[in-house]
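1. model the structure of this input:
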Amino acid sequence: MTRHASLSISACFLGSVLCFPGCGSSARDATPASIAASAETGSDRSADNRAVTEPVQISAGAPTTQTPAATKKTGDLFPEVTINTSAGKLRVRLNAEKSPVTVDNFLTQYVDRDFYDQTVFHYVDKGFMIAGGGFTKDLQPKATRACILNEAKNGLQNRRGTIAMARLPEHVDSATSQFFINLVDNPSLDHSGDEKADQYGYCVFGQVVDGMDVVDRIAQVEVDDRGPFPKTPVQPVVIESIHRVMR
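-> Here you go, the predicted model:
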């Protein structure tokens, strides 16, 4: 039986180094915070009910709803990228048909600018997810671009092997550069309502099509808590580069 977890949100500032200006006011406003989100499940720590702690850096500016340019030029609704990591290579097929703003942001604002080079997977929770795309090997945050509109209502679900955008749990439209890959089906992260941020969900925008063995290998690394960073690999798992696959 699937357990649907209601995410309980607690916002915490983790020192001045992680306090950044938030996204500007919008229909779903965001304020600056680094967060620790935990499921309301008591001691139950099953796949759907994991605590998620993701220090997130947010740049100033209202969530963007611009017409995506990344696929408009090529007509490719399912572009692919190769993620080269210190643990191996994986290939991800993005879904610009269902997540046009998210895919455009990922490609044009970050991949094409080589933003992800030498960043790390800073959060690894075996049986739940691996998250990365915002911090260097010494866990220093990288400056990001504007927050984007959350497209979690696109019908795509947080199932094993999907890639989704990380965000501040208490603010719907706060995603910038960080992403996570689901290690198992995580229905508690799907859109289930519009009234509360913890119901709105996390936008899935693609699927790993090759290299899930690499993802699973990353999930097995030794982790430790490093200050505000819980479940961080003891030996950094580096994202060496992310490039579009030319077809």
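
2. how close does Glu195 sit to Asn186?
-> 21 Å (Cβ to Cβ, to the nearest Å). C-betas here are computed from N, CA, C, even on glycine.

3. packing partners for the longest helix along the chain?
-> As assigned by DSSP state H, the longest helix anywhere in the chain is helix 212-219. Helix 212-219 sits against strand 88-94, strand 119-125, strand 129-136, with contacts defined as 3 or more Cβ pairs under 8 Å, 6 or more residues apart in numbering; DSSP states H and E.

4. could you export those strands as CSV, including distance to Asn105?
-> Below are these laid out as CSV (distance: least, Cβ to Cβ, whole Å):
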stretch, distance to Asn105
strand 88-94, 11
strand 119-125, 16
strand 129-136, 12
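
5. of all these, which lies closest to Arg247?
-> strand 88-94 (10.8 Å; Cβ to Cβ).

6. tell me the buried residues in stretch 88-105?
-> 90, 92, 94-96, 98-105 (16 or more other Cβ atoms under 10 Å).

7. repeat that for stretch 148-165.
-> For stretch 148-165, a neighbour-count test (16+ other Cβ under 10 Å) marks 148-152, 154, 156-165 as buried.

8. using PDB, write out every CA atom in that stretch.
-> In PDB, the C-alpha atoms belonging to stretch 148-165 read as follows (Å, rounded to 0.1, in the frame of the first residue of the first chain):
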ATOM      1  CA  ILE A 148      11.100  29.700 -12.000                       C
ATOM      2  CA  LEU A 149       7.400  28.800 -12.100                       C
ATOM      3  CA  ASN A 150       6.700  25.400 -10.500                       C
ATOM      4  CA  GLU A 151       5.200  23.100 -13.200                       C
ATOM      5  CA  ALA A 152       4.500  20.200 -10.800                       C
ATOM      6  CA  LYS A 153       0.900  20.100 -12.100                       C
ATOM      7  CA  ASN A 154       2.200  18.700 -15.400                       C
ATOM      8  CA  GLY A 155       1.000  15.100 -14.700                       C
ATOM      9  CA  LEU A 156       4.500  13.700 -14.400                       C
ATOM     10  CA  GLN A 157       5.100  11.700 -11.200                       C
ATOM     11  CA  ASN A 158       8.200  11.400  -8.900                       C
ATOM     12  CA  ARG A 159       8.900   7.800  -9.800                       C
ATOM     13  CA  ARG A 160      12.200   5.900  -9.700                       C
ATOM     14  CA  GLY A 161      14.700   7.300 -12.200                       C
ATOM     15  CA  THR A 162      12.900  10.600 -12.700                       C
ATOM     16  CA  ILE A 163      14.700  14.000 -12.300                       C
ATOM     17  CA  ALA A 164      12.900  16.800 -10.600                       C
ATOM     18  CA  MET A 165      13.600  20.300  -9.400                       C
END
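
9. for this structure, which spans come out with low pLDDT?
-> Scanning the chain for pLDDT under 70 picks out 1-75.

10. ranges for the helices of the chain?
-> Assigned by DSSP H, the chain shows helices spanning 100-104, 197-200, 212-219.

11. as a markdown table, those with distance to Gly134 would be great.
-> Shown next, in a markdown table, are the helices of the chain (distance: least, Cβ to Cβ, whole Å):
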| stretch | distance to Gly134 |
| --- | --- |
| helix 100-104 | 16 |
| helix 197-200 | 20 |
| helix 212-219 | 16 |
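
12. could you identify which of those helices is most buried?
-> helix 100-104 (a mean of 24; mean count of other Cβ atoms under 10 Å).

13. what helices or strands is that one leaning on?
-> Checked by 3+ Cβ pairs under 8 Å, 6+ apart, helix 100-104 has strand 204-210 packed alongside it.
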